[in-house]
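Next one to model:
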Amino acid sequence: MVALVVNGTRYEVDVEAEVPLLWVLREHLGLTGTKFGCGKGVCGSCTVHIDGRAARSCVTPVGTVAGKAVTTIEGLPADHPVKRAWVAGEVVQCGYCQPGQIMQAAALLAEDARPSEERIVKAMDRNLCRCGTYPRILAALTRLAREGGAP
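Prediction:
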């Protein structure tokens, strides 16, 4: 049994501690906004926040998050500045990678409300997008950084 807190709710899940957090979120808790991409922590589609920091849930054993706050895309408020910037910038194309992109961006802006373009590119570099929406992501985040970022 593993106890964890996801999006402010406490859960006890009957799984081995080595099971990837991604599968606990999707299969046990029904939180399917976090996507499976590569399964190796490379693409970023599975990005969530663990104690406010971006993490790849596909390579994070669920046992390592006991006692920590996990936030998924479902736990990020609908009016979060990054979500608003994505809509305003018409960032999304197919949308598959976007939950991970948004979670990575939100973690960056929580750490640095006014990151430079160089810092944005570096922080977002490991999140892959098959549709190539990188210019729109960069534009949305640059605009948001000029405005003071996210809380």
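
C-alpha from now on. contacts and neighbour counts both.
Fine.

Tell me how far the residue nearest to the spatial centre of the chain lies from Ala17.
For the chain, the residue nearest the mean C-alpha position is Met103 (2.6 Å; C-alpha atoms, centre = their mean). Using C-alpha to C-alpha, to the nearest Å, Met103 is found at 24 Å from Ala17.

Show me this protein divided up by domain.
Under the assignment automatic domain parsing, the domains of the chain span 2-73, 81-146.

so which strand or helix has the residue nearest to the centre of the chain?
helix 98-111 (DSSP states H and E).

which helices and strands does that helix pack with?
If contacts are counted by 3 or more C-alpha pairs under 8 Å, 6 or more residues apart in numbering; DSSP states H and E, helix 98-111 sits against strand 47-50, strand 53-56, helix 81-88, helix 117-124.

Kindly recompute the last result at 6 Å.
strand 53-56 (3 or more C-alpha pairs under 6 Å, 6 or more residues apart in numbering; DSSP states H and E).

Please list the residues outside the strand it packs on that contact it.
For strand 53-56, contacts defined as C-alpha atoms under 6 Å, 6 or more residues apart in numbering pick out 41, 46-49, 104, 107.

what do you get for stretch 115-132?
With C-alpha under 6 Å, 6+ apart, stretch 115-132 has contacts from 43-44.

What is the end-to-end distance of that stretch?
Start and end residues of stretch 115-132 are separated by 22 Å (C-alpha to C-alpha).

on that earlier part again, which member of the contacts of strand 53-56 is positioned nearest Ala88?
Nearest to Ala88 among the contacts of strand 53-56 is Gln104, at 18.1 Å by C-alpha to C-alpha.

give the contact list for that closest one.
Here Gln104 is in contact with Ala54 (C-alpha under 6 Å, 6+ apart).

number of nearby residues for Glu18?
12 (other C-alpha atoms under 10 Å).

Which positions in stretch 52-68 come out as buried?
52-63, 65 (16 or more other C-alpha atoms under 10 Å).
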